[in-house]
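Novice: my questions are about this predicted structure, shown below with the sequence.
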Amino acid sequence: MSNNVTIFDHPLIQHKLSILRDKHTSSKDFRELVSEIAMLMCYEATRDLPLDDVEIETPICKTTVKHLAGKKLAVVPILRAGLGMVDGMLRMVPSARVGHIGLYRDEKTMQPVEYFCKLPKDIDKRDVIVVDPMLATGGSGIDAVSQIKQRNPRSIRFMCLIAAPEGIEAFTKAHPDVHVYCAALDEKLNENCYIVPGLGDAGDRIFGTK
Ligand code: PRP
Ligand code: URA
C-alpha cells in the first residue's frame with residue numbers, strides 16, 4: 001500500500017468505530033461517535049503542522065513558546081456526511097476556517113455529481129483537511145480534492161473513517177501528493193458500491209433520513 005496512507009489503530013478509535021458500525025446504534029449516538037472519532041483523528045493528523053517561536057511573558061518571566069505557524073487550517077467537509085466530522089475537528093482547532101463541497105453519488109453511475117462549492121477566500125495560505133466518513137470508489141474524494149487543488153492551498157490531507165481498498169487505490173493514484181488518514185481499511189465494495197462490512201449509508205445514519 002502507498003506510504004501516503006495512515007490507518008489509525010488507536011484502541012479508542014477502534015472501540016468507537018465498532019459501535020458506529022452496529023446497525024442498532026441510534027442516529028444520536030452515531031452523530032456523537034462520528035464527531036468524537038474525527039476529534040481523535042484530527043489530533044494525530046495534525047502532528048506535523050509547522051510551529052513558530054513566539055515570545056510571551058508568563059507571570060514569572062519572558063519566555064519563547066511554540067505557536068502554530070501562519071494561518072490556521074481549513075476544514076472542508078464533503079456534504080452531506082462530512083458535516084458530521086466538522087464539530088470534532090473544530091474542537092481541536094477552534095479557529096480553523098470551514099469550506100463546503102457538495103457532492104453526491106449518482107445512484108446509477110456511481111459517479112460524483114457536484115452541486116455546491118464554497119471555500120475560504122485565503123485558502124491558498126492554509127493547510128486543508130478534507131473530511132468525509134466514507135471512501136468507497138473514491139470518486140467523491142478525488143473530485144473534491146481536484147476542486148480544492150485549483151485554488152492552490154498550502155497542503156491537502158484527506159481524512160475518512162472507513163475506506164475500501166478500491167477507493168484507496170483510486171485516490172492515491174489520482175492524488176499521490178495527498179496523505180490519506182482513515183480509521184479502518186475494510187474488505188471490499190459490494191455490487192452497489194457500498195463498503196463491506198462498512199457501516200451502511202453514512203449520510204442517512206447521521207441525519208436519520210432512512
Ligand atoms: C457518500 C459518502 C461519500 C461518498 C463515498 O456520500 O459520504 O461522499 O458516498 O463514495 P465514493 O467514494 O464511491 O464516491 P453520498 O453520495 O451518499 O452523499 P450524502 O453524504 O449526501 O449522503
Ligand atoms: N457511501 C456510504 O455512505 N457508505 C458506503 O458504504 C459507501 C458510500
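Specialist: Nice, thanks for sending it over. The structure displayed is predicted, hence computed values, not measured ones. Ligands and ions are numbered 1, 2, ... in the order given.

Novice: burial measure for the closest residue to residue 201 other than its chain neighbours, as a count.
Specialist: In space, residue 201 comes closest to residue 210 once its chain neighbours are excluded; the distance is 6.6 Å by Cβ to Cβ, 6 or more residues apart in numbering. C-beta here means a position set from N, CA and C on the backbone, and glycine is covered the same way. Applying other Cβ atoms under 10 Å, we find 9 other residues in the vicinity of residue 210.

Novice: and for residue 13?
Specialist: Using other Cβ under 10 Å, residue 13 is surrounded by 19 other residues.

Novice: my read: the residue nearest to residue 201 touches residue 204, true?
Specialist: Yes: between residue 210 and residue 204 there is a contact at 4.0 Å, judged by Cβ atoms under 8 Å.

Novice: what touches both of the two?
Specialist: By the contact definition Cβ atoms under 8 Å, 6 or more residues apart in numbering, residue 210 and residue 204 are jointly contacted by no residue.

Novice: now residue 117: how far from residue 103?
Specialist: Shown here: residue 117 relative to residue 103, a distance of 9 Å by Cβ to Cβ, to the nearest Å.

Novice: who's more crowded, those two?
Specialist: A direct count of neighbours by other Cβ under 10 Å for residue 117 and residue 103 places residue 103 higher, at 22 against 17.

Novice: my read: the more buried one touches residue 115, true?
Specialist: Yes: the pair residue 103 and residue 115 passes the contact test of Cβ under 8 Å, sitting 7.2 Å apart.

Novice: ok and the residue in this protein nearest ligand 1?
Specialist: In the chain, the residue that lies nearest ligand 1 is residue 203 (2.4 Å; Cβ to the nearest ligand atom).

Novice: burial count for that residue?
Specialist: For residue 203, the tally of surrounding residues (other Cβ under 10 Å) stands at 20.

Novice: quick one: it and residue 78 touch, right?
Specialist: No: counting by Cβ under 8 Å, residue 78 is not a contact partner of residue 203; they are 9.9 Å apart.

Novice: residue numbers of the chain in contact with ligand 1?
Specialist: Residues of the chain found near ligand 1 (Cβ under 6 Å from any ligand atom) are 78-81, 104-105, 110, 112, 132-141, 167, 193, 201-203.

Novice: can you do 5 Å?
Specialist: Among all residues of the chain, those adjacent to ligand 1 (criterion: Cβ under 5 Å from any ligand atom) are 78, 80-81, 104-105, 132, 134, 136-140, 202-203.

Novice: return the members of those classed as buried.
Specialist: Neighbour-count burial within these applies to 78, 80-81, 105, 132, 134, 136-140, 202-203; the criterion is 16 or more other Cβ atoms under 10 Å.

Novice: so which of these are in strands?
Specialist: When these are checked against strands (DSSP state E), the matches are 78, 105, 134.

Novice: export those residues as JSON lines, with columns for distance to residue 8 and pLDDT.
Specialist: Written out in JSON lines, the entries for those read as follows (distance: Cβ to Cβ, whole Å; pLDDT from 0 to 100):
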{"residue": "78", "distance to residue 8": "19", "pLDDT": "97"}
{"residue": "105", "distance to residue 8": "25", "pLDDT": "80"}
{"residue": "134", "distance to residue 8": "16", "pLDDT": "98"}
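
Novice: that'll do, ta.
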